[in-house]
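> Got a predicted structure plus its sequence, pasted below:
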Amino acid sequence: MDTFINISSAVFLLIGCFLCISGGVGILRFPDFYSRMHAVGVTDTLATAMILIGLMLQSPDGLVVLKLIFILLMMLFIGPTASHALARSAMINDLKPKINKQADNERVTS
Amino acid sequence: MLMGLYNYWAVVVLMMIGFYIVIAHGNLIKKIVGLSIFQTSVFIFYISMAKVDGGTAPILADGIEQYSNPLPHVLILTAIVVGIATTAVGLALAVRIKEAYGSIEEEEIQKKDNLDC
Amino acid sequence: MTIAIAIVRMRDLLAVSMLLGIYGLLSASFFVAMDAVDVAFTEASVGAGISTLLMLVAITMTGRTEHPGRHKPGLALFVVLITGGLLIYGTLDMPYFGSADAPIHLHVAPHYINDSMQEIGVPNIVTSVLASYRAFDTFGEVVVIFTAGMGVLALLLVVRRPEDINKIDSLNDSMHKEYLILRIVVKMLIPFILLYAFYVQFHGDFGPGGGFQAGVIFAAAIILYAMLFGMSTARRVINQSVIQFFAAIGVLLYGSIGVVSLLNGKSFLDYSALSADPVAGQHLGILLIELGVGFTVASVMVIIFFNFEGRRDISQNKEINKS
């Protein structure tokens, strides 16, 4: 039972780390502000959730688990709202997404 | 012998970077940023001095033998909040200078001062 | 360190302030690794939160990019290298990282660690040292924060006429649809942030926390409200003169605790004079001065932000009226 909890919390923590790193790679490699924002917003929230669940499985007593559940709820609210705020302010200030016109034309004609 | 002191050297490098920003850049806001980097490096210096190998956070709990030294923690706690208060005053001064002189580059401000008097 | 070098090279000040926030967050995680949890808490909330915000507000008023051309970078580099070399030479005598018999661990600190439980009875040693053994330093710091708030008020205060309430309400409603998602989520979050600030304030005896962190978190909640709902609405909710009054009340509370101890026959800020049992007196004293500290820090942060924003409104309105 103990090793099962340890292994599952390790799996959650590793998935969380992998998601964080892939979000970071997304920032570097995506061509446009909006796609970068999308990559980071989604993966960051899910990565934090995974890491927090992994920590919850490791914690010694119930009060710590309760506090971690609160932090998880907060993150689920705050993460998407922050990405929404960023994307919205970019939209209002007329930052246009990069649309690959040539590929669209090819698809229409073929 | 040298590897035991590497934390001090990292702090000195950070301090010098902050110092360089203050001296070499003309923009007032950049100078304030450099001061802030300098301040944070001093905090890191104190806190790294406070750490004891094998100690834990200085909150009394059962079953813990060795605590890290709480005295530098107290000093740095006050220092952080005072630092941000003075940074706020510095930024307020920069805003007023911009309104009075029209620019926050050091050379243009000095030129205007020399022209006036 | 990489971030510091990146800050040197970049000329876009918006990116610089973001990097400064990341630098603050990295130092906060370094402090956690060094077992300094109270300090990490304060650095994370202050350095990565309020400091970035103030930089951004200042940048909106002063201009976003920096002019190129540093004056005499070669001479500056030379001075910096000489100073750095001298400092490193100075560190060769210092005790090794983490050694338990360094001089700073031998004199006063064991007394604090060993006797703090009997004399004061508070598990968090940092709070007991901050609020009781070194209460004079904390008093001086609270006064410094108050003075900084007064300084910002003196520099940036804009006297404004009371605005038309109907105009404010109509402006608020028209913006409501635009900011709908943000406003709803923030309305749900702000009570929890305020509750967390109170929790940190009163829980500072048992875990990391205390007056400073609580004050900053409280101010952050109010600033969040002001950012999303507009400055006029925020000024109606949080009256400027009440906030200034609270800042003064915090310092006054701290000082009067000291004077009460004097009147009861002991020295200034000696809490054992506050009640019959000295340990209970210590608890009461720590509670009240942390409250005073929280009041002052929260009010000063709110004052600073409101004055920056007020100045920005006036300067941008002036530009609109001129053009």
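On my side now, so go ahead.
> Now do stretch C:42-59: distance to the chain's middle.
The chain centroid and the centroid of stretch C:42-59 are separated by 9 Å, computed with C-alpha atoms, centre = their mean, to the nearest Å.
> go on, stretch A:88-97?
21 Å.
> just stretch B:104-112 next, same as before
25 Å.
> With stretch C:187-203 instead?
How far stretch C:187-203 lies from its chain's middle: 16 Å, per C-alpha atoms, centre = their mean.
> Tell me the buried residues in that stretch?
C:L189, C:I190, C:I193, C:L194, C:Y196, C:A197, C:V200, C:Q201 (16 or more other C-beta atoms under 10 Å in any protein chain shown). From N, CA and C alone the C-beta is placed, and that goes for glycine too.
> Closest one to chain B out of these, please.
C:V200 (13.4 Å; C-beta to the nearest C-beta).
> Please write out the alpha-carbon positions of whatever helix or strand that closest one lives in in CSV.
Per DSSP states H and E: C:V200 is located in helix C:180-202. The C-alpha coordinates for helix C:180-202 follow below in CSV (Å, rounded to 0.1, in the frame of the first residue of the first chain):
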residue,chain,number,x,y,z
LEU,C,180,-17.1,40.3,-17.9
ILE,C,181,-15.1,37.2,-17.3
LEU,C,182,-12.4,38.9,-15.4
ARG,C,183,-14.8,40.8,-13.2
ILE,C,184,-16.8,37.7,-12.2
VAL,C,185,-13.8,35.6,-11.4
VAL,C,186,-12.1,38.3,-9.5
LYS,C,187,-15.3,39.0,-7.5
MET,C,188,-15.3,35.4,-6.4
LEU,C,189,-11.6,35.4,-5.6
ILE,C,190,-11.2,38.6,-3.6
PRO,C,191,-12.9,37.4,-0.4
PHE,C,192,-10.7,34.4,-0.3
ILE,C,193,-7.6,36.6,-0.8
LEU,C,194,-8.7,38.8,2.0
LEU,C,195,-9.4,35.8,4.2
TYR,C,196,-6.0,34.4,3.4
ALA,C,197,-4.4,37.8,4.4
PHE,C,198,-6.1,37.5,7.8
TYR,C,199,-5.1,33.9,8.2
VAL,C,200,-1.4,34.8,7.5
GLN,C,201,-1.6,37.7,9.9
PHE,C,202,-2.9,35.7,12.9
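> Tell me who's in contact with the residue in chain A that chain C sits nearest to.
Going by C-beta to the nearest C-beta, chain C is nearest to A:T81 of chain A, at 4.6 Å. By C-beta atoms under 8 Å, 6 or more residues apart in numbering or on different chains, the residues touching A:T81 are C:I181, C:L182, C:V185, C:V186.
> where along chain A do the helices fall?
Counting by DSSP state H, chain A has these helices, from start to end: A:2-29, A:33-58, A:62-92, A:101-109.
> In a markdown table: the ones you listed, plus mean pLDDT.
Listed next are these as a markdown table, based on pLDDT from 0 to 100:
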| stretch | mean pLDDT |
| --- | --- |
| helix A:2-29 | 86 |
| helix A:33-58 | 85 |
| helix A:62-92 | 84 |
| helix A:101-109 | 56 |
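> who are the neighbours in contact with the closest residue to B:V95 other than its chain neighbours?
Leaving aside its sequence neighbours, B:V95 sits nearest to C:M61 (C-beta to C-beta, 6 or more residues apart in numbering or on different chains; 5.1 Å). By C-beta under 8 Å, 6+ apart, the contact set of C:M61 is B:V95, B:K98, C:F308, C:R311, C:R312, C:S315.
> Which two of those residues have the greatest separation?
Spatial extent of those (C-beta to C-beta) is set by the pair B:K98 and C:F308 at 12.6 Å.
> okay, those two: which has more neighbours?
The residue with more neighbours, out of B:K98 and C:F308, is C:F308; 23 against 19, by other C-beta atoms under 10 Å in any protein chain shown.
> what helix or strand is that one on?
Per DSSP H and E: helix C:278-322 holds C:F308.
> and that helix, does that touch chain B?
Yes. Judged by C-beta under 8 Å from any C-beta of the partner chain, helix C:278-322 and chain B are in contact via C:V297, C:V300, C:I304, C:N307, C:F308, C:R311, C:S315.
> got TSV for these, with pLDDT and distance to chain A too?
Below are those laid out as TSV (pLDDT from 0 to 100; distance: C-beta to the nearest C-beta, whole Å):
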residue	pLDDT	distance to chain A
C:V297	89	23
C:V300	90	26
C:I304	88	23
C:N307	85	24
C:F308	85	19
C:R311	79	22
C:S315	69	20
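> Format those as JSON lines; extra columns: distance to C:I120.
Below are the residues of helix C:278-322 next to chain B laid out as JSON lines (distance: C-beta to C-beta, whole Å):
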{"residue": "C:V297", "distance to C:I120": "22"}
{"residue": "C:V300", "distance to C:I120": "28"}
{"residue": "C:I304", "distance to C:I120": "33"}
{"residue": "C:N307", "distance to C:I120": "38"}
{"residue": "C:F308", "distance to C:I120": "39"}
{"residue": "C:R311", "distance to C:I120": "44"}
{"residue": "C:S315", "distance to C:I120": "50"}
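> sorry, back to before: weed out the non-buried ones from the contacts of A:T81.
Here, 16+ other C-beta under 10 Å leaves C:L182, C:V185, C:V186 buried among the contacts of A:T81.
> Nearest residue to the second one in space, please, no chain neighbours.
Okay, so that is C:V185. Leaving aside its chain neighbours, C:V185 sits nearest to A:T81 (4.6 Å; criterion: C-beta to C-beta, 6+ apart).
> Relative to C:S275, how far out is the one you found?
For A:T81, the distance to C:S275 (C-beta to C-beta, to the nearest Å) stands at 47 Å.
> C:N124 contacts C:V200, correct?
No. Counting by C-beta atoms under 8 Å, C:N124 does not reach C:V200; the two are 11.9 Å apart.
> Mutual contacts of the two, please.
Residues touching both C:N124 and C:V200 by C-beta under 8 Å, 6+ apart: C:G209, C:G210.
> for the buried ones among the contacts of A:T81, which one is nearest A:I51?
A:I51 lies nearest to C:V185 out of these, by C-beta to C-beta, at 22.4 Å.
> Kind regards, and thank you for your time.
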